[in-house]
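Chemist: Sequence first, then the predicted structure:
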Amino acid sequence: MSKYTMAQIVTLTGINAHTLRKWETRYSIIDPERTDTNIRYYSDSQLKKLLNISLLTKNGFRISKIDKMSETEIHDAVTSQITDENHEVEINALIASMLDMDEMAFDKVVKEQIVKRGLLVTTVEIIYPFLNQVGVLWGVDKVMPAQEHFISSLIKKRFFSSIDQLSYPKENAKSIVMFLTEYEHHELGLLLAYYIAREMGWKVYYLGQNVPVINLKQVIQDVNPDAMLTMFVTPIHKTVLPKVDDLCSYSDIPLCVSGNPENLEEIIEDNRVTYLSRPEDFIEFLKKEN
């Protein structure tokens, strides 16, 4: 059984700490465990229940009513909230499948959404927000390591399979080099960008993780790309500016940068780079450059 701090519960569910404490004193629906030093922690089942409660309260259900509902009634009420505009049900279902390490449940949600919306929309509107919420995308410690590796492996498998099924880009297609620099190993965001660019007809030179910046100079000379993309994901204490300076010194090719916002404060306003805060920004960039 995993244990979650109140801070992790707040991040994953969107319920603020004050509200959580109030619910715990007034209602029986949530009863957190406590450590020997009297610090609250929550189990997998409590997290899943709070995800459902969060969704219902956002859709007009009073907590006093939810407190009197059975598990089946809560499940049925959550299911009834599914709409084409609201993806919170699907995102919560993906979180639950990750907590249970349930591959079949994860694939069921993803496949249903792909059939309904297509992989690109599913990726942008459901998979990306899910990864962002649980912290897997930027290497933030919001879930347990085993769960992170489990869900990362499933999504990598899904993207590689989908990329393999895409048609090869046209001979005269625009090209982009994608890479993570030294000591960067969290490549889910880069892989998501790889799929988006290929789906939009771009030729992608995907170099993967932990690429020495000095090696990029030769790559740029060899393939003469139309754009570059990198991400600074791993939480760091050193500035990323020297790496950006080096990359920009190699050529005037447009450089897109994304990643953990805490790493990028110095360069978000840098006019040498295009900062991407979400997949839609990358899609707009590709459209504009094509």
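Modeler: Thanks, I have the structure now.

Chemist: I'd like the average pLDDT over the longest strand along the chain.
Modeler: When the chain is scanned for its longest strand (criterion: DSSP state E), the result is strand 203-211. Mean pLDDT, strand 203-211: 95.

Chemist: what do you get for stretch 264-282?
Modeler: Stretch 264-282 comes out at a mean pLDDT of 90.

Chemist: still on that earlier bit, tell me the helix or strand right after the longest strand of the chain.
Modeler: helix 213-223 (DSSP states H and E).

Chemist: Mind listing what's buried along that next one?
Modeler: 213, 216, 219, 220 (16 or more other C-beta atoms under 10 Å). Quick note: C-beta positions are derived from backbone N, CA and C, even for glycine.

Chemist: could you dump those residues to a markdown table with distance to residue 31?
Modeler: Shown next, in a markdown table, are the buried residues of helix 213-223 (distance: C-beta to C-beta, whole Å):
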| residue | distance to residue 31 |
| --- | --- |
| 213 | 51 |
| 216 | 54 |
| 219 | 56 |
| 220 | 58 |
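
Chemist: Okay, now the unreliable bits of the stretch 101-250 of the chain?
Modeler: For the stretch 101-250 of the chain, residues meeting the criterion pLDDT under 70 lie at 137-142, 236-237.

Chemist: which residues are in contact with whichever strand or helix holds residue 159?
Modeler: When elements are assigned from DSSP H and E, residue 159 belongs to helix 145-164. Applying C-beta atoms under 8 Å, 6 or more residues apart in numbering, the contact partners of helix 145-164 are 2, 98-99, 101, 103, 106-107, 110, 119, 127, 131, 134, 136, 188, 191-192, 194-195, 198.

Chemist: Then stretch 103-119?
Modeler: In contact with stretch 103-119 (C-beta under 8 Å, 6+ apart) are residues 90, 93-94, 96-98, 122, 125-127, 151, 154, 158, 162, 195, 199.

Chemist: Between all of those, which two are separated the most?
Modeler: 96 and 199 (28.0 Å; C-beta to C-beta).

Chemist: hmm, who's touching the helix or strand hosting residue 47?
Modeler: Per DSSP H and E: residue 47 is located in helix 44-58. Contacts to helix 44-58, defined as C-beta under 8 Å, 6+ apart, come from residues 1-2, 4, 9, 12-15, 20, 29-30, 32, 42, 63, 66, 74-75, 77-78, 81, 88-89, 92, 95-96, 99-100.

Chemist: For residue 266, grab phi and psi.
Modeler: Main-chain torsions, residue 266, degrees, to the nearest 10: phi -70, psi -20.

Chemist: Please report how far it lies from residue 275.
Modeler: Using C-beta to C-beta, to the nearest Å, residue 266 is found at 11 Å from residue 275.
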